[in-house]
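Novice: The amino acid sequence is not available; the structure is as follows:
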C-alpha cells in the first residue's frame, strides 16, 4: 500500500485531492500499486467538504506515519514550505511540489537530501504548470546538448500583453482588469516585473544545461513600460510582444533573461496567447521542440503533480544525482551579444519633419533598419527595428541620433530569433 | 555493463550509432550505468565508416550474446523487423524501435511478449519522430481522461500543403518538388493518402484511450484533391489547410480519421508548417496541451530512441501491462457527427449569376453559412463554410442545391475545432 499525504489544501492541493479521490482506484490498477490518499495537513478544518475526513492540523501525523510514502507540498511561501520538504525527505518520504520559490531557492539542497535518503524530490509542476516539460528534459531529450530555451512562463503577463493588444488599452488598464478577474495579485510585482518567470527559467535551465542557475542572476525586465503603441508598431512589422524567459549557451557562458521581446508571427511562441504557457527547446539532435499548455490553474497544475506521483510509482529507487548539484552555470554578460533591437522614440510630431527623422535614423543606424513608422494611436511615437547590434552600440547610436534631432524619450526591446 | 546493439544501419540506425558513440560516456556517468554500443547488424560492411568495427551480418551474434541487454530495431518493412523484435524479446533483451508499421500491426503482441520476458518494448520514435509524446501520454498526463487528439503527424504532406499555398502551385507540382528533394517517395501513397498518419494516430490513440485501435479502422482521406484554390479560399476566411490525424471519444465510441481539414489561424496547429509535426492533446485536467517538433529526420528520430534507451536505464523492471492489451476500442460511425464543413463548388462562371448562387446557397444551407466567394485564381471555383451538419445532411443539401442551379463538381472538407 502506497499512502499519500497532501500538505496544504489550497487551490493546487485541493486539486490534487480531487484527482486522487477520483482516480486512485484506476491508478492503482494501472500501475500495480495500491495508491491511497490518507491525510491532508491544513490548519483549516474544511468541514462540509470531501477533504474533511482526511484533515489533520498536526504535521507529525504525517511525518511520523511510516505508511505514508509520498507527500505533496502544495503550500505557498518559502521557508515553511522548505522545512516541510526537508522534514518529509528526512523521514524517508518522496516529495512532490509545485512551489517554484522552494525549488528555485533550495532545489539543490532538497535534491541532495532526497538522494541521501533514497527517495525522490520531484517538481514538474513548478515550471510551466500542467505542461510536461521537466520529464522530457530529464529523460526524453537527455541525449541532446540543449543550447537554448525560450519560454512564455508567466500566464498573468501573457494574458495582459494579449489583452493590451486585442482591446487597445494601456498597461494600467489591463492590469486593473487582470486584478479584477483574479489573474493578477494586488501587488503584481512578481508577475509583471518578471520575478516569477525568472525562477522558472532558472529551474528549467539548471536541468537542461546540467549546471545550477541562481535565479537571482537572471536579468529581469518587466512589462510595465510596454505601451499599446508598441503593440501596434510591432504588429505593423508582423510581430507580437511577449514576455520571454530565455537562456542560451554561448562561448563565454549562459545568457539568461526575462524581458519583453518582439516575436515574429512565424515564430512558434507567437501563437501562445492569453493564460497559456509554452517552452521552446533547442537541442543538438532534436532541433526545435515546443511544449504548450496551461501554465497555471488548479487541475492543470494538479495533473502535473499526479504525473510526478506516477513517475515515483514507476521508478521509486534512488536516481543518479543530476549534474546541477555539483556544477554551477557561469552567467555571461550579454552586453556583447549582437541582437536585433526594436527602438521606440518619443518625438515632437511634425509631419514635415518625419522624412527628416527617417533619414536621420537611416544615417545613424544603417540603411537596413526596418522602419515601422508612427503609431496610429499616438502620433508622437515612432519605431524601427535595428540590424544586429550590441546593447552598448544601440545606446551609442541613440546618443548620436539625439545629437542630430530632438528625442524626448526612447525605449528598446530585443527581437526573439 | 549495459551493452546495446543496433539492427539496421540505415538513416535512423546510423543516427542512433552516431549519438551513442558521441554520448555513451556522458550517459553512463549521468545514469550510473556503463552503456556501450557493441554491435550493429547490417548486411552492408560499411567499410570506411565509424560503424565498420561494430558491423556483423549475423543476427545471432547479437541474439546469442547475453551481455547485450537492449537492441534498437531500426530496419524498415514489416515482417522481418517484427521477427527481429520477437527474437530479441524472447532472448530477454529490451527492444526500442522507430518502426511504426511494426508497432501499429504487432504492438499488442510485442508489448505482451516483452512483459512475459520481463523486459520492455519501447517506441517513442514511431509516432511524431523526435517529439516526446508517448512518454508524456504514458506518465505525465496519465491521471487525465484524455478525450481528443489532433495531430499533424506526416511531415511530407505538411511540407506539401505549406508549399502549395506559399508558392501558389498545384498538388502535382508540389509533389514533384517534394519527390525531387527526397521528402516524398516515388510512390507517395503512404504519405499523401494518409496511411502513414493513420498508423501513428492509431498508436497514440491506443495509449491515450487505454484501448487498442486497429489502424485499418482509421478512415483515411488523402490530400490529392486539395487545390490551390482551396488554400486561397480557406485563407480568405482565416484558415489554413492541414492533414489532420484526429481521434475523439464520443458517446458511441471513438471517432478517428486522417483527412485534410480547415484549421483557423488562431488554432495552435495552424502555425505548424513545413516538415514539422505536432500533437494537440485534450485531457480532463490538463486541458489543451501541445507537443511540437521534427516528425522525421535522422538525428531527431534517433534522439527519441535515445530517450527510450535512457528510460530503460532508469526503470528496467517489468512495467504493468497497458490497458490496450486487453481492451479494444469501439470505433464509432461519424456520419451522425455534426461538424462545420468547407464546401467547394465548381460552377460555370457568370458574373450576373453569382448573386443568385449566393442566394441559393443561403436558402439551402441556411443564412449563417460563411461565404468565402470565388477563388481569385480560378473563377469557376466558389466556396463556403456550413453550420454544424452531419455528413449526410451536407450531401442532401448539396443535392437540393443542384436541383436549383448547375454545379459541375463539389468537394468538402471538415473544419477543425
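Specialist: Happy to help now that I have it. These figures come from a predicted structure and were not determined experimentally. Residues are numbered from 1 along each chain as shown, chains lettered A, B, ... in the order given.

Novice: How many neighbouring residues does residue A:166 have?
Specialist: 12 (other Cβ atoms under 10 Å in any protein chain shown). In this view, the C-beta of every residue, glycine as well, is placed from N, C-alpha and C.

Novice: now residue A:338
Specialist: If you count neighbours by other Cβ under 10 Å, residue A:338 ends up with 11.

Novice: do the same with residue A:79
Specialist: 11.

Novice: what's residue A:71 sitting at in phi/psi?
Specialist: When read as degrees, to the nearest 10, the backbone of residue A:71 gives phi -120, psi 140.

Novice: tell me which residues form a beta bridge with it?
Specialist: In this entry, residue A:71 is beta-bridged to residue A:5, residue A:95, by DSSP bridges.

Novice: what's the pLDDT at it?
Specialist: Predicted confidence (pLDDT) for residue A:71: 98.

Novice: And for the one 4 residues further on?
Specialist: Residue A:75 is assigned 96 on the pLDDT scale.

Novice: surely it meets residue A:11?
Specialist: No. Here residue A:75 does not reach residue A:11: they are 11.0 Å apart, not a contact under Cβ atoms under 8 Å.

Novice: joint contacts of the two?
Specialist: Overlap of the contact sets of residue A:75 and residue A:11 (by Cβ atoms under 8 Å, 6 or more residues apart in numbering or on different chains) is empty.

Novice: who has more neighbours, the two?
Specialist: Neighbours of residue A:75 and residue A:11, each counted by other Cβ under 10 Å, are more numerous for residue A:75; the result is 22 against 16.

Novice: which residue sits closest to that one, ignoring its sequence neighbours?
Specialist: Spatially, and ignoring its direct neighbours in sequence, residue A:75 is nearest to residue A:8 (3.3 Å; Cβ to Cβ, 6 or more residues apart in numbering or on different chains).

Novice: One more: residue A:168?
Specialist: With sequence-adjacent residues excluded and distances taken as Cβ to Cβ, 6+ apart, residue A:168 is closest to residue A:228, at 5.8 Å.

Novice: Show me chain A divided up by domain.
Specialist: Using automatic domain parsing, the domain parsing of chain A gives A:2-126+A:316-323, A:134-295, A:336-415.

Novice: now for the ones you listed, which one comes closest to residue B:44?
Specialist: Among those, the nearest to residue B:44 by Cβ to Cβ is domain A:134-295 (23.4 Å).

Novice: Kindly check the end-to-end length of that closest one for me.
Specialist: 13 Å (Cα to Cα, to the nearest Å).

Novice: In contact with residue A:142, which residues are there?
Specialist: By Cβ under 8 Å, 6+ apart, the residues touching residue A:142 are B:27, B:30, B:306, B:307, B:310.

Novice: Export the residues you listed as a markdown table, with columns for distance to residue A:101 and neighbour count.
Specialist: Converted to a markdown table, the contacts of residue A:142 look like this (distance: Cβ to Cβ, whole Å; neighbours: other Cβ atoms under 10 Å in any protein chain shown):
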| residue | distance to residue A:101 | neighbour count |
| --- | --- | --- |
| B:27 | 32 | 21 |
| B:30 | 27 | 20 |
| B:306 | 33 | 29 |
| B:307 | 30 | 27 |
| B:310 | 30 | 21 |
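
Novice: Out of the residues you listed, which two sit at the greatest distance?
Specialist: Taking Cβ to Cβ as the measure, the contacts of residue A:142 span a maximum distance of 13.1 Å, between B:30 and B:307.
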